[in-house]
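# Just a sequence and a predicted model for now, questions to come.
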Amino acid sequence: MELKPSDIELDDRPIAPRARWVLNRSAFAALLSSLDPDEVRGAEKYERLRQRLIIFFSSRRAPDPEESADDTLDRVSRRIDEGEPVRDVTQFAYGVARLVLSESLKRVRRRRRLLTALATSVAPPRWDHASSTFRSDGAAECIRRCTNCLPEEDRRLILQYYDSGGKDRQQERKALAARLAVSPVALRLRAHRIRRVLEACTRKCLASRTAGRS
């Protein structure tokens, strides 16, 4: 299907970012109390649990073990603060940690797919005869930086868009469009717009790196 300029207006509503729960004093106090009624011992058990979670994520090659551990404990705090009965906080925390790990690794796979797609169009890799591998001349690092500079909703959309692949790509992207309440055409146009922003940013980054070496 050939796209027309007028198609850009189709369902081009902004995607509202999801509200993020923020740890507060009462929720943190509830977590410490669940670990131990004594405030001092509760704080000590909290720190030990946090260190064990960091080791858990590190051993499983999570991208940022400390951030993942904090995210896990924040989620546990929220569940306790909302009234969910938790008999064994440590066991419950490890259950949440496995979910956080799965989400984290999935984000890594999404980012790798996006890096692969963009690196080819922005800076085609060169064959390095010495190492018998392809080199991208810093494109991956520039793409990561530029992706991190995107607004949260744009970054989430482009990563989810490139998370689809294989024979089910079309259906997966249709499902993504449905979740965002936009048409498949509008989704494709948004992804294309974000990708062009990333490509321009990446080329500028690469040019800066090249100038810095000269």
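Everything's here; your move. Numbering: from 1, shown residues only.

# which residue sits closest to residue 44, ignoring its sequence neighbours?
residue 36 (7.9 Å; Cβ to Cβ, 6 or more residues apart in numbering). For every residue, glycine as well, the C-beta is placed using N, CA and C.

# Next, residue 102: secondary structure please.
helix (DSSP: H, G, I helix; E, B strand; the rest coil).

# And the lowest mean pLDDT element among the helices and strands of the protein?
strand 133-135 (a mean of 43; mean pLDDT, DSSP states H and E).

# gap between whichever helix or strand comes after that strand and the chain center?
Downstream of strand 133-135, the first helix or strand assigned by DSSP states H and E is helix 139-148. For helix 139-148, the separation from the chain centroid amounts to 14 Å (computed by Cα atoms, centre = their mean, to the nearest Å).

# can you check stretch 86-94 too?
For stretch 86-94, the distance to the chain centre is 25 Å (Cα atoms, centre = their mean).

# Could you check it and say which residues are buried?
89, 92-94 (16 or more other Cβ atoms under 10 Å).

# Next: stretch 92-105.
Going by 16+ other Cβ under 10 Å, stretch 92-105 has these buried residues: 92-94, 96-97, 100-101, 104.

# coming back round to it: ok, the residue nearest to residue 44 - how many residues close by?
Residue 36: 15 surrounding residues under other Cβ atoms under 10 Å.

# wouldn't it be in contact with residue 49 here?
No: Residue 36 lies out of contact with residue 49 (Cβ atoms under 8 Å); the separation is 11.0 Å.

# how about the chain, which residue sits the furthest from its center?
residue 38 (36.9 Å; Cα atoms, centre = their mean).

# so what's the backbone phi/psi at it?
With angles defined as degrees, to the nearest 10, residue 38 sits at phi -80, psi 130.

# Which pLDDT value goes with it?
pLDDT recorded at residue 38 is 92.

# And for residue 20?
57.

# so where do the strands sit in the protein?
Secondary structure of the chain, counting by DSSP state E: strands at 126-128, 133-135.
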